[in-house]
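Colleague: predicted model and sequence follow; I will ask about them next.
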Amino acid sequence: MNSVAKSIDWQKVGGLLPVVVCDHATNEVLMLAYMNEEALNLSLSSRYAHYFSRTKNRIWKKGEESGNTQEIKAAFLDCDNDTLLLKVIQNGGAACHTGARSCFFNEINLENLEISDEKSEVKKPSYGVIDELYHVIEDRKLNADPQTSYVASLFKKGENQILKKVGEEATELVMAAKELSFAKQIKQDEQKAKNDLIYEAADLCFHTLVTLSAHNIHPDAVKNELARRFGMSGIEEKRSRDVK
């Protein structure tokens, strides 16, 4: 047992030390996790974060599957020696299993709280529809029964079935766009054709989110990539990819 582990009252913390993880350069809070004594020793000796999974009941190295490892640059115990703060280099850019930069992206609207005489109740945070849908997909992937959930059934069938659906929906989007063009030419059923195109675009978006979820990529990563392209011509952006 090293000196740090000896200074912790493991009985007090129930055998699991809370660990707050932040970015070494920006101090952005990335996640909260737990370490048992062995995980703490592994982390300090290897300089890479290891945690204890309460759901899997085992030690795991952060990024052991995703590659998003955390290189420890500094570590601090709080005044009571019962909470650890890690400052890390977040390799891969994503600390959250959803693919988001930080686990703390569900902001609570402090101006929109319901207060009752018995207790304070927080209204459900207001997300954009893409984030809301992605959260639902993640929940279905992890918890739903494939017999009753379409999303869970896709994940059970595997990536090939998911990608097949993306291809089908993309084709249907193209067909709907052509039908709308034809409807405009003959000046008939334009609104119906437009509604069909919107419907197919929504289907493609939905199955794209399922594909991202299958690879643990949060939609924020796509939003960030789109934001990166602002002020850059399409030709310039394409050339930058060719160089890579």
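Modeller: Good, I have the coordinates.

Colleague: can you give me the helices for the chain?
Modeller: Secondary structure of the chain by DSSP state H: the helices cover 3-6, 37-46, 129-143, 150-157, 159-186, 190-214, 219-228, 234-243.

Colleague: what comes up buried for the first one?
Modeller: Same thing as helix 3-6. 4-5 (16 or more other CB atoms under 10 Å). The C-beta positions use only the backbone N, C-alpha and C, and glycine is treated the same way.

Colleague: kindly report the same for the third one.
Modeller: By neighbour count, and taking 16+ other CB under 10 Å as the criterion, the buried residues in helix 129-143 are 131, 133-134, 137-138, 140-141.

Colleague: send the alpha carbons of that helix over as CSV?
Modeller: Below are the C-alpha coordinates for helix 129-143, written out as CSV (Å, rounded to 0.1, in the frame of the first residue of the first chain):
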residue,chain,number,x,y,z
VAL,A,129,-34.6,17.3,-30.0
ILE,A,130,-31.4,15.7,-31.3
ASP,A,131,-29.9,15.4,-27.8
GLU,A,132,-33.3,14.1,-26.4
LEU,A,133,-33.6,11.5,-29.1
TYR,A,134,-30.0,10.4,-28.6
HIS,A,135,-30.6,9.9,-24.9
VAL,A,136,-33.6,7.8,-25.7
ILE,A,137,-31.6,5.7,-28.1
GLU,A,138,-28.9,5.2,-25.5
ASP,A,139,-31.4,4.1,-22.9
ARG,A,140,-33.0,1.6,-25.4
LYS,A,141,-29.6,0.3,-26.3
LEU,A,142,-28.7,-0.4,-22.7
ASN,A,143,-32.0,-1.3,-21.0
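
Colleague: centroid-wise, who is the farthest residue in the chain?
Modeller: Within the chain, the residue lying farthest from the chain centre (CA atoms, centre = their mean) is I186, at 45.7 Å.

Colleague: just to revisit the earlier point, what is the nearest of the buried residues of helix 129-143 to N160?
Modeller: Checking those against N160 with CB to CB, the nearest one is K141 at 16.3 Å.

Colleague: leaving out the residues flanking it, which one is nearest to the closest one?
Modeller: Of all residues not flanking K141 in the chain, F155 sits nearest, at 5.1 Å (CB to CB, 6 or more residues apart in numbering).

Colleague: torsion angles phi and psi at the residue nearest the centre of the chain?
Modeller: Closest to where the C-alpha atoms of the chain average out (CA atoms, centre = their mean) is T98, at 2.0 Å. Comment: the main-chain dihedrals of T98 come out as phi -80, psi -10, following degrees, to the nearest 10.
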